[in-house]
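Undergrad: Sequence unavailable; structure follows:
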DNA sequence: CTCAACATTTTTGTATACAATTCATGTATG
DNA sequence: CATACATGAATTGTATACAAAAATGTTGAG
């Protein structure tokens, strides 16, 4: 029974989107096993399709394929997350500088709508949706860049931040629509330096929150986590 | 008859590498049809493997998958090539700034060896090899970056330059080992600004050569180009 | 001779069957 | 009682068979 209730046949892209969104929204947490047979049954397609989707997700870095062992949601370390934010800052600044002079009122309007949706999701405490919308703001901004390769890079980079998993991260709702709004203000006013400065502050803030979560987290390694399932044999 | 003469079974990675290198070296030119049955026979594997390889290559942007029509070597326009070089300049500079303070003598040595190979390939007029070595220099440098995401970006970006296809490009041997050598000199001396400046000149030069080739090229429209395609694998 | 409609062939897309590997369970042994 | 090993179940990897679509070739009318 396919979870997507639509009557249309769940094609490869639908399966891909569903898994992609689930990972980005942190519904599927890092190290979750993505068994082929299970997914095939769930979506009502053959393993062939599931396999292709998993390989595409692996190509985007969202899924880790362990030979002869299967597919898992990827997990990144704190250090890797920091590298991601560093690269993000670099490209975000470049894109803002690129987009600001040529942006149209319609494009601004479209982004403002997105911010409104973010605010709504935050009010409703719908944090999975908020996570996705927040990413989408930056992705949609990146899509406006003249340079589609930089845009594609950011589009692939941003979802990876969902793979940093510490206990506290789940409960860390980053309601940053205000900063998004301020970035738009700067862009709309043609004030590149202002927009760039806020964007940097914005990303610094997100990274700081992640660092805080990581420091609060009892540093449990993967092996530790596996071992603590059965501390003692009950028999 | 598999082209890889080794007796070991050509696995997926071998097929991937072979096709990847052939495209990067401009042995397989843009718009070349990559028929599944043909490749399967050529490498002595099933279509399943070929299919996986083609999807991986498509994920890297080297291959274009047209639904129900098959796989083709991707082609990029002059404008897209210019975007690639713009992104390359940005990231290359960042990486040089990142790598210079922490590079080791062994790493320098390894890169110098690569430059020597380049010089040799240029002397021998082995242009396919030179093309690959020239890319490899930048890729290997990028691999030294602390930021593996920027490194990966460049690693995926650089091969795309092989997809810009104008008549003159084939006959355009860019013997730029000297500039590579100078970049290394700057890095080795710890003179970041010098290294960055040369790197910029280097990339500007390559892009200028491409622009020249494009202007010399009789601007063939898409429809004309379709008429003149010779899709045979020359092997 | 040209063009269009139909039939044939080829190629891609998907599902399934089989082989290979890993993982879990249970048993024997020190 | 714990460890090592062997057997069996479950999962992944690969090849093949079949279905669907596109390309090609042929025929016939205008």
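TA: Received, thanks. Bear in mind the structure is a predicted one, so any value in this text is a computation, not a measurement.
Undergrad: Checking the closest residue to residue A:56 other than its chain neighbours next. Helix, strand or coil?
TA: Spatial nearest neighbour of residue A:56, chain neighbours left out: residue A:16 (6.0 Å); criterion: Cβ to Cβ, 6 or more residues apart in numbering or on different chains. All C-beta atoms are positioned from the backbone trio N, CA, C, and that covers glycine. Following DSSP: H, G, I helix; E, B strand; the rest coil, the label given to residue A:16 is helix.
Undergrad: number of nearby residues for residue A:16?
TA: Residue A:16 has 17 neighbouring residues, counting by other Cβ atoms under 10 Å in any protein chain shown.
Undergrad: residues in contact with the residue of chain A found nearest chain B?
TA: The minimum distance from chain A to chain B, using Cβ to the nearest Cβ, falls at residue A:59 (3.8 Å). Each residue near residue A:59 by Cβ atoms under 8 Å, 6 or more residues apart in numbering or on different chains is listed here: B:56, B:59-60.
Undergrad: go with 10 Å
TA: By Cβ atoms under 10 Å, 6 or more residues apart in numbering or on different chains, the contact set of residue A:59 is A:65, A:156, B:55-56, B:58-60.
Undergrad: And residue A:98, by the same measure?
TA: By Cβ under 10 Å, 6+ apart, residue A:98 lies in contact with A:142, A:144-147, A:150-151, A:192, B:86.
Undergrad: Nearest to DNA strand D among those residues?
TA: Nearest to DNA strand D, judged by Cβ to the nearest atom of the strand, of the contacts of residue A:98 is residue A:151 at 29.6 Å.
Undergrad: what's the burial count for that closest one?
TA: Residue A:151 has 23 neighbours, counted by other Cβ under 10 Å.
Undergrad: Counting by contacts, list what the helix or strand hosting it packs against.
TA: With elements taken from DSSP states H and E, the one containing residue A:151 is helix A:148-157. Applying 3 or more Cβ pairs under 10 Å, 6 or more residues apart in numbering or on different chains; DSSP states H and E, we find helix A:148-157 packed against helix A:78-99, helix A:127-143, helix B:78-99, helix B:148-157.
Undergrad: Nearest to DNA strand D among these would be which one?
TA: Of all the helices and strands packed on helix A:148-157, helix B:148-157 comes closest under Cβ to the nearest atom of the strand, at 22.1 Å.
Undergrad: now the closest one: how far from the chain's centre is it?
TA: 13 Å (Cα atoms, centre = their mean, to the nearest Å).
Undergrad: residues of the helix or strand following it that come out buried?
TA: Sequence-wise, the next helix or strand downstream of helix B:148-157 (DSSP H and E) is helix B:177-188. Residues of helix B:177-188 classed as buried: B:177, B:179-184, B:186-188 (neighbour count, 16 or more other Cβ atoms under 10 Å in any protein chain shown).
Undergrad: ok so, going back, can you tell me how far the residue nearest to residue A:56 sits from residue B:146?
TA: Applying Cβ to Cβ, to the nearest Å, the value for residue A:16 to residue B:146 is 32 Å.
Undergrad: sorry, back to before: ok, and of the contacts of residue A:98, which contact DNA strand C?
TA: Subset of those in contact with DNA strand C: empty, counting by Cβ under 7 Å from any atom of the strand.
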